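A.B. asks: I need the structure of the sequence given here:
(chains A and B)
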Amino acid sequence: MIGNKKGYEDIPSTFSYIWLVIGVIVVLILTSTLQAGSAEREIKGSSISYYETKLLMFLREPVSHEGKQYTISELIMEAEYDIDKRTTIRQRIQSRFNEMYGEYWSLELEFPNENPIIYGHSYKRQKVGTWLQNIMTRMFVGPGYYGMLPIDKKITITKTIPGFESNINLEFETWILLP
Amino acid sequence: MMKNKKGQILPLIVVLVVIFALIALVLIHNDKSNSREVNGQKAVIGMYANAVIKSYQQQEEALIHIDNSAKIALWKSIDEINGKGGLITADCGTSGYNLWNEGTNTCWPDSENNLRIMMRDRLGVEFSKYELLSLSSNHYLTFNQKGEQLEVVGETNDKIDVVITLSGDIIEKQTQVLPTEIPADTIGRINKFHDIITRTGALHKYDPAFQKAIITQESEGYEFAVSKSGCIGIQQFCYSTARDYFDKADKKNIKSIGDCAKTRSCSLADIKKDPRSNAHKSIINAGELIEDILGKKAIKDTTDKLAFGAAAYNGGYGPIRDAIKLTGKDDPSWEEVSQYITVDVLKKYSPYKGWTDAENQAKVIEIKDYVNKVSAYYVAWGGTSMFMPSVIGTFEFGQNFRIQTPYNLSVYDKLKTFAEETIRDCKDNVAVCLEEKKVDFNNNSQDVQILDLHDCEEGNERVFYDLIENFDDCGEAWGNNCKCQITENYTSEEIKNLTGGYEARFGVDNTPRPITDKSLYINMNFTTPMELQSQFSIPDQTFWEPNTYTFWYQNKKLYNYDLNFYYSLANKKYTLKNFEKLFMVVKDKHYSLWVEFKPGAMSQILHALKNILNTAPKENLFSPTKDTTFIKDICPVAKKTFRVCGKTNYLIPTLKKTIVKNELTYEPTKIKFAMTLIDEVPPVEVQNLEVKESFEGKIELTWMDKHTEDFTMYNITYEQKNIPLSKKEIGAYYEYNAEEASPNDYNKLYYENQSDKRKYSFMIKSADLILLSNNTYVFKVVGIDNFKNQKDMVQGAELRVN
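C.D. replies: Numbering: from 1, shown residues only, chains lettered A, B, ... in the order given. Have a look, this model is predicted:
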């Protein structure tokens, strides 16, 4: 009985501990979410710069087509009227972007008066990782870890290249904020 | 037990308090870190570095545009200059293709320099397509031939000066706001209201300098200022806005003064009655208006909100809100938003709905100008810049470029050599001579081949240039009672492939005078594929009454194979349908246009129009007789203008416009030019001329001659021996009619082929000639070529008449 009584007395303290644990978890989640949000803004900003720079550098990369040297942007520009060049462009984009971004990228190339050509992987409607997975990962790995940022928040970068009559539009999308 | 219970609850309370305290701490910390600002921008780690990187990116993007646009400009310039035969101005004339000579006068193209001039123009057009920065096209262009690649180096001292902002946008330096000096008297007038402006600003939570800037721009501080659009007072309240912001008592005295404002005839007394001319009331009410504008949802949280506020003050909130939305950004810059303030945006709102596009365009310019000026005045009144509050640095970059494309300017030198030799050498039988020269040239040339006009063009262009060629050639027709075909005989397949047709317009030009006193002009109009235009005249010919016959071609419209005629004197347009061919007819020393509705059934155009109209135009395109069904002779043509092109091996992209869509093609570029070749050499004398008379009174002449393309007719004469003045004409006989004659026909040429020569015979009844007995007559046969060249002195054949 005594044991039982002691047990009764311990029940509220036990609940308090449970509440404390729950509370700490809530604070951790809150802290991690808020910090992650803040970090995400910062990282997203710098990631856009990073990917934009990479895209511009890619457009300046030399590429060979039928024995002649071009830059990628030149080749895209000339592919407006020379369909053969589009094959080289596709191959180069697929290989370089897969190498740089894995599966998490797509690139839309829109020549004037034509339907857009889409390269890459279509993850636009997929959410990689559930919200629970994201939260758990944030909790245990830490908010500062870039890989834990919501993977479904894409980055879109648009660029134009001069076309014969009007500009050629490029739209690059990726879903990983930093490698 | 009670103590126990309290003891049980206490830990729980402590735990909860600790948790809430922790949460509060996290939230407060988070809020603080989020609200930290640098120069009006939310602070983010690495924001300066990002801005610098962003500026590098923008520079790189601009340089990509410069390089690639330069290449496009080069292609377009090559294509354009080649289409003009390397010439910018056609000093030797043009007839579809620019002439490289006119007789002995030559106009050789300075192709390199002309390409340079054209490319510089083109650079400006191509660079203007890059909207972010104003790229300079003031480059010095150097052409270097590197094998089969033409390298173009563009150098300019013009640099692009830009400022870097924290928002990441780069803005050209020249758009920075520099303080504008405000005249002292304006400052004095406005500062009279300094206190009320300051109080109003404080009440409505904006910088009073902003209101002063608006007043400076609106009225320069004049209380009774009236604008042309009827706005009044120091704040220039217009009628409808004033009725929204002035109080009830004042509203009844606010009158619309549109009419007198337009004519600047409003009386000062009337203006003074209007409460808008009360500076204090205007300033206070404007304060409320400014607060309303700056508090609008689309504006209130933006960095450049004062710029948007100024724009909305001038142009209304609606268009500015739309322009902000169109940028797709929550916090766009004024530079970005201003690009979306367009006529289309304005037209959605009053009063712009009822304005013309030109008026709205002027308003668009006014709004942008207004913001720039208010911003400058704002700085002058002590405010910071209304935009770009977060400038962190400046930089500049050059705009030089170096590009290459497969092309060789030396093809012009080759073509010039070809043309020089052809003009020098081809003095006889020019068409054949040119053909031989072409074959010779093409056999020895690798990178450029010379083609005939018909092969230089295709589709609509081919029809267009064929028409010019044929009109031009028919203008050189010199026979009589003959016809010259203007339209080509295209196959049905060729016609089907045409995406357009042509429209001809004709009538007297400008001044309404009788058509017989004026030249006739024709407009040939094409819808597609490109703006084809040509105008040329054929002098020294007697078309209608006197002087010049002008053809005028212009791209416009197509109706299959119909011809539309615009008769300017009647100001009406007529259509001839289903005609087969278009002819120029030379009859009795006059020229007129005819159509053939079906083979052989020709009709003079005005005559045909008369039937359509059922009314006879008073002025007739003079032709002595309407009946020409017997005109079957083909006019000899002294063809002296030859249009050719040098088709190179160098592929250049060109845009082909069709009805459906524009197509970019990648084809060898063609250098199009024309030459005039004058035949100065008469046909050689006929050989073995013999004449004999038979007992039946038949005189027969026979001779041998070599057949050439450059030959039209024989002129046959006779004269008494040793009495030159007794010369009499038997007649001129077209060579091609000989093909239809039989050996026994009188007054007709007949020939039989004998190896590489022809044996001609001509019979005439001696009774048709005036021949006296016991006299000797000399019969002469003189060949005449297409240029009317003939030998003066030839040997004749003698006939003794007993």
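A.B. asks: where in chain A is pLDDT low?
C.D. replies: Residues of chain A that meet the criterion pLDDT under 70 lie in A:1-13, A:32-45, A:122-153, A:176-179.
A.B. asks: break down it into its strands, ranges please.
C.D. replies: All strands of chain A, identified by DSSP state E, fall at A:62-65, A:68-71, A:105-110, A:117-120, A:155-161, A:168-174.
A.B. asks: distance check, the residue nearest to B:Ile634 when sequence neighbours are not counted against chain A.
C.D. replies: Nearest non-adjacent residue to B:Ile634, counting by C-beta to C-beta, 6 or more residues apart in numbering or on different chains: B:Cys482, 6.0 Å away. Where C-beta positions appear, they are placed from N, C-alpha and C, glycine not excepted. With distances taken as C-beta to the nearest C-beta, to the nearest Å, B:Cys482 is found 48 Å from chain A.
A.B. asks: give me the number of residues near B:Cys482?
C.D. replies: Close neighbours of B:Cys482, defined as other C-beta atoms under 10 Å in any protein chain shown, add up to 20.
A.B. asks: and the residue of the stretch 201-350 of chain B found nearest chain A, how far from A:Leu107?
C.D. replies: Closest approach between the stretch 201-350 of chain B and chain A, counting by C-beta to the nearest C-beta: B:Gly328, at 10.5 Å. Computed as C-beta to C-beta, to the nearest Å, the B:Gly328 to A:Leu107 distance reads 20 Å.
A.B. asks: neighbour count winner among those two?
C.D. replies: A:Leu107 (21 against 9).
A.B. asks: dump the residue contacts of that one.
C.D. replies: A:93, A:97, A:118-120, A:170-173 (C-beta atoms under 8 Å, 6 or more residues apart in numbering or on different chains).
A.B. asks: give me the longest helix you can find in chain B.
C.D. replies: Counting by DSSP state H, the longest helix found in chain B is helix B:47-83.
A.B. asks: which pLDDT value belongs to the residue lying closest to B:Cys266 once chain neighbours are set aside?
C.D. replies: Nearest residue to B:Cys266 in three dimensions, chain neighbours excluded: B:Cys260, at 4.0 Å (C-beta to C-beta, 6+ apart). You'll see B:Cys260 listed with a pLDDT of 80.
A.B. asks: same question for B:Asp447.
C.D. replies: For B:Asp447, pLDDT reads 90.
A.B. asks: my guess is it meets B:Tyr412, correct?
C.D. replies: No: if you go by C-beta atoms under 8 Å, B:Asp447 and B:Tyr412 don't touch, sitting 11.5 Å apart.
A.B. asks: which one's more surrounded, those two?
C.D. replies: B:Tyr412 (24 against 16).
A.B. asks: which parts of chain A are helices?
C.D. replies: Counting by DSSP H, the helices of chain A are A:2-60, A:72-78, A:84-101, A:131-141.
A.B. asks: actually the stretch 601-750 of chain B, not the one I typed
C.D. replies: For the stretch 601-750 of chain B, helices defined by DSSP state H, counting those that start in this stretch occupy the ranges B:605-613.
A.B. asks: now it against chain A: closest residue?
C.D. replies: B:Leu664 (3.5 Å).
A.B. asks: tell me the contacts of that residue?
C.D. replies: Taking C-beta under 8 Å, 6+ apart as the test, what B:Leu664 contacts is A:80-81, A:164, B:653-656.
A.B. asks: okay, now residue 92: neighbour count?
C.D. replies: I went with chain A, as the question did not name one. Count around A:Arg92 with other C-beta under 10 Å applied: 19.
A.B. asks: my question was about chain B, not that one.
C.D. replies: 21.
A.B. asks: state the phi and psi torsions of the residue of the stretch 201-350 of chain B closest to chain A.
C.D. replies: phi 70, psi 10 (degrees, to the nearest 10).
A.B. asks: retrieve the pLDDT associated with it.
C.D. replies: Looking at B:Gly328, the pLDDT reads 79.
A.B. asks: quick one: it from B:Gly85, how far?
C.D. replies: Taken as C-beta to C-beta, the span from B:Gly328 to B:Gly85 is 49 Å.
A.B. asks: same check on B:Asp161?
C.D. replies: B:Asp161 is 42 Å from B:Gly85, by C-beta to C-beta.
A.B. asks: same check on B:Lys416?
C.D. replies: With C-beta to C-beta as the criterion, B:Lys416 and B:Gly85 are 10 Å apart.
A.B. asks: neighbour count winner among the two?
C.D. replies: The neighbour count for B:Lys416 versus B:Gly85, taken as other C-beta under 10 Å, is higher for B:Gly85 (30 against 17).
A.B. asks: skipping adjacent residues, who's closest to that one in space?
C.D. replies: B:Phe673 (3.4 Å).
A.B. asks: check that neighbour and give its pLDDT.
C.D. replies: 95.
A.B. asks: just checking, it touches B:Trp100?
C.D. replies: Yes: contact criterion C-beta under 8 Å: B:Phe673 and B:Trp100 qualify, at 5.0 Å.
A.B. asks: which one of the contacts of A:Leu107 is nearest chain B?
C.D. replies: Among the contacts of A:Leu107, and counting by C-beta to the nearest C-beta, the member closest to chain B is A:Leu170, at 10.8 Å.
A.B. asks: wait, the closest one sits on A:Thr160?
C.D. replies: Yes: with contacts counted by C-beta under 8 Å, A:Leu170 reaches A:Thr160, the gap being 7.1 Å.
A.B. asks: B:Ala311: what secondary structure?
C.D. replies: Assigned with DSSP: H, G, I helix; E, B strand; the rest coil, B:Ala311 falls in the helix class.
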